[in-house]
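Participant: Next input, structure requested:
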Amino acid sequence: MQPTFVLVHGAFSNSFSFAPLQAELGLLGHRSVAVDLPGHGFEATFTHAYQTPQDPEGLATTPGAIKGVTLADNAAHLIGILERAKQNGPVILVSHSRGGITATAAANARPDLIDRIVYVSAWCPVDLDVNDYYAEPEMASVDAAALALALAGNPAELGLLRVNFRTADPAALAAFKSAFFADGTDEEFLTFLNTFQPDENLDVGTSADRAQADTWGSIPKTYVRLADDTSLTPAMQDRLIREGNALTPDNPYEVRTLEGSHLKWLVAPAAAARVLGDLATPTR
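Facilitator: Numbers count the residues shown, from 1 in each chain. Take a look at the predicted model:
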């Protein structure tokens, strides 16, 4: 039976970012569903303060709908979609960036719903909690302060992380481009930046949400490395692969590599669509 690709976005993103990839997959004859996690897509908060002319005070204090959303909420929402997709045949779960945390949590809970799990430069924590990986040598080159240059409001007071992606601050824009899309044109970068939403939830889970050998580890898995990623570095991607393989040595990652930055594969998705298409033959 024809598999369904279920696509899970990263931080500050939404299902819209997958439109070019879905077009390529469709033209190759593949079925796909792009997920909006809770508080994302049309559930996101875009306040009048975010519009031009911006109101910095209002942007820093206006409540956001994503406040209180947890990783458990994200996983439960994804599981509901996987249950529906599974009724139509095999499911290939594809996650990007922070979306890998949700994909891993869902795979821990319901491995029966997933025929293959695919991480595209995505987080799959095994030995450490996600935030702790940022202190490791593999992430030493990452500018952790990039988002802080456009931070709006106090996360502790808002109960969420809010970033002003419509800033005109040259330093902030340069930091964003370097981190996420250094190989894109300025026009491509600004276009993608305007698909981001300002708010993201704070919960990235605990050690209980790391990959579990008896559930997550039973699913065939693929890691698609992004060779020029400066946000989730190739060194860290390789470490996550090693840790996953050590957890389930009898079920190692199938590894593929694509050239490009953290976001390039979404803007120019032909190569990624071909890689995913190669995985479409049911493997279980």
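
Participant: Pass me the low-pLDDT residue ranges in the chain, would you?
Facilitator: For the chain, the stretches with pLDDT under 70 are 282-284.

Participant: All the strands of it, in order from the start?
Facilitator: 4-8, 31-35, 91-97, 116-122, 161-162, 199-200, 221-226, 254-258 (DSSP state E).

Participant: Could you check the angle the helix ranked longest in the chain makes with strand 31-35?
Facilitator: Longest among the helix segments of the chain by residue count, using DSSP state H, is helix 71-86. Interaxial angle, helix 71-86 versus strand 31-35 (axes from the mean of the first three to the mean of the last three C-alpha atoms, to 10 degrees): 160 degrees.

Participant: And helix 71-86, what does it pack against?
Facilitator: strand 4-8, strand 31-35, strand 91-97, helix 99-109 (3 or more C-beta pairs under 8 Å, 6 or more residues apart in numbering; DSSP states H and E). (Each C-beta comes from the backbone N, C-alpha and C, glycine too.)

Participant: hmm, try it at 6 Å
Facilitator: When contacts are defined as 3 or more C-beta pairs under 6 Å, 6 or more residues apart in numbering; DSSP states H and E, helix 71-86 packs onto helix 99-109.

Participant: now the helix it packs on, how far from the centre of its chain.
Facilitator: 11 Å (C-alpha atoms, centre = their mean, to the nearest Å).

Participant: Output that helix as PDB, restricted to C-alpha atoms.
Facilitator: Output of helix 99-109 as PDB, limited to C-alpha atoms (Å, rounded to 0.1, in the frame of the first residue of the first chain):
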ATOM      1  CA  GLY A  99      10.100  18.700  15.600                       C
ATOM      2  CA  GLY A 100      12.300  15.700  16.200                       C
ATOM      3  CA  ILE A 101      11.600  15.900  19.900                       C
ATOM      4  CA  THR A 102       7.900  15.500  19.300                       C
ATOM      5  CA  ALA A 103       8.500  12.700  16.800                       C
ATOM      6  CA  THR A 104      10.600  10.900  19.300                       C
ATOM      7  CA  ALA A 105       8.000  11.300  22.100                       C
ATOM      8  CA  ALA A 106       5.300  10.000  19.700                       C
ATOM      9  CA  ALA A 107       7.500   7.000  18.700                       C
ATOM     10  CA  ASN A 108       8.100   6.200  22.400                       C
ATOM     11  CA  ALA A 109       4.400   6.100  23.000                       C
END
